[in-house]
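# Predicted model and sequence follow; I will ask about them next.
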Amino acid sequence: MTDIYTEISKLTDKFRTMCFGITTDENKIHNAVQELMLYFLQMNPDTLKSIWEKDGKTGIIRYGAVVLRRALTSPRSNFYYKYEKYYKHIDSFNSNASQSITNIDYGGDAIYYKNLSNISEQQEEYQWTKLEEIDLILDKQTWYDKKIFELYYSGETLDSLANKTKISRNSLFTTIDKVRTILKKELNEDI
């Protein structure tokens, strides 16, 4: 399998070039290709091996093209939720979106990079206010619901929580989803 992963990593430039057919945003392309590499690492090894044995590099490139197209065009993709939705929220909050973006000029072409260090103080204040609102809402929940939600959003996965607490994964998911729904309703927004 290591040989297959090595060969896939050599296709990074090919995947970057493919993305230019969908977008010209260098930052978005970089993130999409990194997510694709992560996708290959996390996918079922038997499936990956099957694609490799059947079509070799061509099969991997075709499979990667489908994953990249979905990532860059579908609002339901993990890429959208991880990158696009977050940055759109930041940009829509600031009255002047260009203040939340770093402008770097390379030979006459301005490239805009969004990053957390460029968030205005007003945005940081907004985030702290939202966190305080979330804490107040969580205080109204049962101790169990609050604790499970806090543990999950402190970086735990459902599987690790299930192992540590000896509570079924489905029960944990149901609790987290219930609290998330309450938060969305009370805050009147998508989290």
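Received the coordinates, thanks. Numbers count the residues shown, from 1 in each chain.

# so what's the residue nearest the centre of the chain closest to, chain neighbours aside?
The centre of the chain sits closest to Lys82, judged by CA atoms, centre = their mean, with a distance of 2.0 Å. Closest residue to Lys82 apart from its sequence neighbours, by CB to CB, 6 or more residues apart in numbering: Glu35 at 7.2 Å. C-beta here means a position set from N, CA and C on the backbone, and glycine is covered the same way.

# How many neighbouring residues does the one you found have?
By the criterion of other CB atoms under 10 Å, Glu35 has 19 neighbours.

# Point out where this protein drops to low pLDDT.
Applying pLDDT under 70 to the chain picks out residues 81, 84-128, 189-191.

# Residue ranges of each domain in it, please.
Split into domains by automatic domain parsing, the chain comes to 2-84, 121-187.

# Just give the number of residues close to the closest residue in space to Pro45 that isn't next to it in sequence.
Among residues not flanking Pro45 along the chain, Met1 sits closest, at 5.6 Å (CB to CB, 6+ apart). By other CB under 10 Å, 10 other residues sit near Met1.

# picking up where we left off before, any idea which of the domains of the chain is most buried?
domain 2-84 (a mean of 15; mean count of other CB atoms under 10 Å).

# roughly how far is that one from the heart of the chain?
Counting by CA atoms, centre = their mean, to the nearest Å, domain 2-84 is centred 15 Å from the centre of its parent chain.
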